[in-house]
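> fold the following, please.
(one chain, ligands or ions: 2)
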Amino acid sequence: MGRRRLYAVWLFALLTVPFSGVSAAEEAVAVRGVIPAPVSDVRTEGFYELKMPCRFVIRAPHGEAVAADELGSYLGTLGWQPAGKERPDVELRLEPGDRRFASDEAYRLEITPRRIVASARTAAGLFYAVQSLLQISDDGRLTHIACRTIEDAPRFGYRGFMIDVSRHFRSVEFVERQLDAMALFKLNRLHMHLTDGAGWRLEIERYPRLTELAAWRPYADWESWWKGDRRYCEADDPQARGGYYTKEDIRRIVEYARRRHIEVIPEIEMPGHSDEVTAAYPELGCTGVPYKDYDLCPGNEQTFEFLENVLGEVMELFPSEYIHVGGDEAGKSAWRTCPKCQARMQAEGLQDVDELQSYLIHRIERYLNAHGRKLLGWDEILDGGLAPNATVMSWRGVEGGMKALRAGHRAIFSPGEFCYLDYTQDAPFTQPASIGGYTPLRKVYSFEPVSEEMTPEQERLLLGVQANLWAEWIPTDAHYEYMMWPRLMALSEVGWSLPERKSYDAFHARALEASEQLRARGYEPFDLRTEYGERPESLAPKHHLAEGCTVHYATPWSRQYAASGAATLTDGVLGGWTYGDRRWQGFLDSDVDVTVDLGRVQQVHYIGATFMQSAGPYVWMPRQVEIYGSQDGEAYERLTTVHNDISPKCPDLLFKTFAYDGAAEVRYIRYVARSGGIPGGWLFVDELVVQ
Ligand code: ACM
Ligand code: ZN
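Ligands and ions are numbered 1, 2, ... in the order given. Modelled structure (predicted):
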């Protein structure tokens, strides 16, 4: 059953409804949806006949001349023309005092048979009215535009996307192209992950080695660099691959984004993910040896001098309210033995290395605040004590973000489960190599950032949401774009539309249209039309003899992957493509040894359980499985032993069922899956099926 069928029924309804009692001319009018779904969108009678080039007029008070000019020049890039003495197709009214609009991004778009009127209290609102019209008219390809009135305003002020240009560098042109598409869906923040171990991507005058050396690798892609010696090379090396943005490039990107009402937020990683910095300037790491330190040394004053100098140049380039300082995944191990770090901890009375990281973040926050900027960081900036004005970007679930909100800080939610677009977006066997996981469009769309437990004040401090696209496994522009779209449309609707306006099936139909629009613009989104979808076994409950029966665990499951605890193996729920879906139960460095009680002696002809292999994250098949039966729970007879025949070297996502087929009279079944013995290895199992 499931969504394919439902979707077909829904589409049928959509196609048939307009044919009841409307004129012949009406029939030809397609009523295209808008992403993100507006607050209110009311169909009215008739249609407007739009001829390209579209003619516009902007009506704005004198004080808004600059904003009006900028809007006009943006409309020019779309091929629209000032109406002059002719009748305008679109009248754009900038009405700064108008209190009908709920926010600076709110707008009203009224399409009548005689004209199209957009109004808003700021240029951003008018800009969004135009984006809605571009969707409704399919970039002007539709000539008959159904009359309607849209009243719209965003749910959250922060609707972001993070581009990772460290792992693979992307050109200015590529970034601009994505800014155009982001604007179409009313996303308004581009967070640029400019620095990381895989490459430094920003010209800094004070530290030229960052871009002479740390922006270049003698490898074509991240994977070969990672599996190779992880070295950088000189920019003029014939093997050099990579690149960086000059200051001029950044000014161009920032301005291009600003004209599209998108703020660019730079991220300068500290103190972890900084291998490229210590390769270029080894004295900034604890050992002082190049290619040895992953973290910067917070014991060394030079580290602060470096960070402040870099941030000084960064602030000159980026006018953003926030400066992102990373803060995630610092290893901190060298700090424990580094004399400078130890001296710093003593002098400052710091109890542990978490407090040492917190010391660094506090100092950097003071520096940014003194320059009128706010500090933003990943949720690890909570460890060791949050800096007084910091805003948390929560990626390890939303817990870090909730902790920040409870402490009265602002937060942006970007939980990996829903917002990490580097996870595979369709059945893994249909997709290019990726970091793994499974985050289809539906999953991104299902994210609801506001929970019951939040107070109104905490809701106010929740600035919004962001999707992140890490690029380790994404060497090409086309592949990167494919991972962005259409999933970023789902994130846009999460950030903009009210929950009561959301429906996945309706969104899916709009995403199909919008994907076509992107394709017509030359983009290469993932093709939703051929989506395979979730692991078929997981779509319907599995009914079997052991369903609901009690399971005794002789080996404990991992708390990290508990699924439904003791109910997991007999709840009739089979797992999907990823072990992270709370349906698979995980066992770390351990066998799975469980006994199920069927309640009475029964005739049984099948006993089986499925395991998953995903070599990247150390998920393996069991070495062998032993299945035993008993009538009294005391004397067990071995029914079968099944050996594994899948090589741990196989890099693909694989599933294998280890089962007994035969005839047995049993009440108790003991199922033992032996760990492959690779340290740090996992076994994942979803159900113990008995028939
Ligand atoms: C992160 O994914 N390390 C922020
Ligand atoms: Zn140190």
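> give me the mean pLDDT for stretch 682-691.
Averaged across stretch 682-691, pLDDT comes to 98.
> er, stretch 128-140 actually
Per-residue pLDDT over stretch 128-140 has a mean of 97.
> output that stretch as CSV, restricted to C-alpha atoms.
Once non-C-alpha atoms are left out, stretch 128-140 reads as follows in CSV (Å, rounded to 0.1, in the frame of the first residue of the first chain):
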residue,chain,number,x,y,z
TYR,A,128,9.1,37.3,-2.4
ALA,A,129,5.9,38.3,-4.1
VAL,A,130,7.9,38.2,-7.4
GLN,A,131,9.3,34.7,-6.5
SER,A,132,5.7,33.5,-6.0
LEU,A,133,4.7,34.9,-9.3
LEU,A,134,7.7,33.3,-11.0
GLN,A,135,6.5,29.9,-9.7
ILE,A,136,2.9,30.5,-10.5
SER,A,137,3.7,31.6,-14.1
ASP,A,138,6.5,29.0,-14.5
ASP,A,139,9.0,31.7,-15.2
GLY,A,140,6.6,33.3,-17.7
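> roughly how far does the residue nearest to Pro428 when sequence neighbours are not counted sit from Glu537?
Leaving aside its chain neighbours, Pro428 sits nearest to Leu653 (4.4 Å; criterion: CB to CB, 6 or more residues apart in numbering). (Glycine included, C-beta is placed from N, CA and C.) Separation of Leu653 from Glu537 (CB to CB, to the nearest Å) stands at 14 Å.
> which one of the two has more residues nearby?
In terms of neighbours (other CB atoms under 10 Å), Leu653 is the more surrounded of Leu653 and Glu537; the figures are 24 against 15.
> that one touches Gly616, doesn't it?
No - under the contact definition of CB atoms under 8 Å, Leu653 does not touch Gly616, with a separation of 9.1 Å.
> between these two, what contacts are shared?
With contacts taken as CB atoms under 8 Å, 6 or more residues apart in numbering, the residues that reach both Leu653 and Gly616 are Gly436.
> pLDDT at the nearest residue to Glu399 once chain neighbours are set aside, what is it?
The shortest distance from Glu399 to any residue that is not its chain neighbour, by CB to CB, 6+ apart, is 7.8 Å, and that residue is Asp379. Looking at Asp379, its pLDDT reads 96.
> can you report how many residues lie near Asp379?
The local packing count at Asp379 equals 25, with neighbours defined by other CB under 10 Å.
> check for me that Val66 belongs to a helix.
Yes - membership of Val66 in a helix is supported by DSSP: H, G, I helix; E, B strand; the rest coil.
> please tell me how far Val573 sits from Val690.
Val573 is 15 Å from Val690, where distance means CB to CB.
> one more: Gly533?
Shown here: Gly533 relative to Val690, a distance of 28 Å by CB to CB.
> rewinding a little: list the contacts of the residue nearest to Pro428.
Contacts of Leu653 were listed using CB under 8 Å, 6+ apart, and they are 428-429, 436, 577, 612-614.
> name the member of those with the most neighbours.
Trp577 (27 neighbours).
> what about Thr211, helix or strand, and which?
When secondary structure is defined using DSSP states H and E, the element that contains Thr211 is helix 209-212.
> name the strands paired with the helix or strand just after that helix and say parallel or antiparallel.
Next in sequence after helix 209-212, counting helices and strands by DSSP H and E, comes strand 216-217. Based on DSSP bridges, the pairing partners of strand 216-217 within the sheet are strand 241-242 (antiparallel).
> who's in contact with the partner strand?
Where contact means CB under 8 Å, 6+ apart, the residues beyond strand 241-242 that reach it are 169, 199, 215-221.
> pull out the buried members of the residues you listed.
Buried by 16 or more other CB atoms under 10 Å: 169, 199, 215-219, 221, out of the contacts of strand 241-242.
> would you reformat the contacts of Leu653 as JSON lines and include distance to Glu313?
As requested, the contacts of Leu653 are arranged in JSON lines below (distance: CB to CB, whole Å):
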{"residue": "Pro428", "distance to Glu313": "42"}
{"residue": "Phe429", "distance to Glu313": "46"}
{"residue": "Gly436", "distance to Glu313": "37"}
{"residue": "Trp577", "distance to Glu313": "44"}
{"residue": "Met612", "distance to Glu313": "47"}
{"residue": "Gln613", "distance to Glu313": "47"}
{"residue": "Ser614", "distance to Glu313": "42"}
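> next secondary structure after the longest strand seen in the chain?
Looking across the chain with DSSP state E, the single longest strand is strand 592-613. Past strand 592-613, further along toward the C-terminus, the next helix or strand under DSSP H and E is strand 624-630.
> in that following strand, which residues are buried?
For strand 624-630, the buried set under the neighbour-count rule, 16+ other CB under 10 Å, comprises 625-630.
> pull the residues that contact it.
For strand 624-630, the external contacting residues (CB under 8 Å, 6+ apart) are 604, 607, 609, 636-644, 658-660, 664-674.
> kindly recompute the last result at 6 Å.
For strand 624-630, the surrounding residues in contact (CB atoms under 6 Å, 6 or more residues apart in numbering) are 607, 636-643, 658, 660, 664, 666, 668-674.
> what about the residue in the chain that ligand 1 sits nearest to, how many residues nearby?
Checking the chain residue by residue against ligand 1 with CB to the nearest ligand atom singles out Asp328 as nearest, at 3.9 Å. Residues lying near Asp328 (other CB under 10 Å) number 16.
> residues of the stretch 151-300 of the chain that sit close to ligand 2?
For the stretch 151-300 of the chain, the contact set with ligand 2 under CB under 5 Å from the ion comprises 286, 297, 299.
> check the chain too.
If contacts are counted using CB under 5 Å from the ion, the residues of the chain sitting beside ligand 2 are 286, 297, 299, 338, 340-341.
> for ligand 2, what is the nearest residue in the stretch 301-450 of the chain?
Here the stretch 301-450 of the chain gets closest to ligand 2 at one residue, Cys338, 3.1 Å apart by CB to the ion.
> is it correct that that residue is in contact with Leu284?
No - shown here, Cys338 and Leu284 do not form a contact pair, counting by CB atoms under 6 Å, at 12.0 Å.
> about what we covered before: from the contact counts, what lies against the longest strand of the chain?
Under the contact criterion of 3 or more CB pairs under 6 Å, 6 or more residues apart in numbering; DSSP states H and E, strand 592-613 touches strand 550-553, strand 654-673, strand 682-690.
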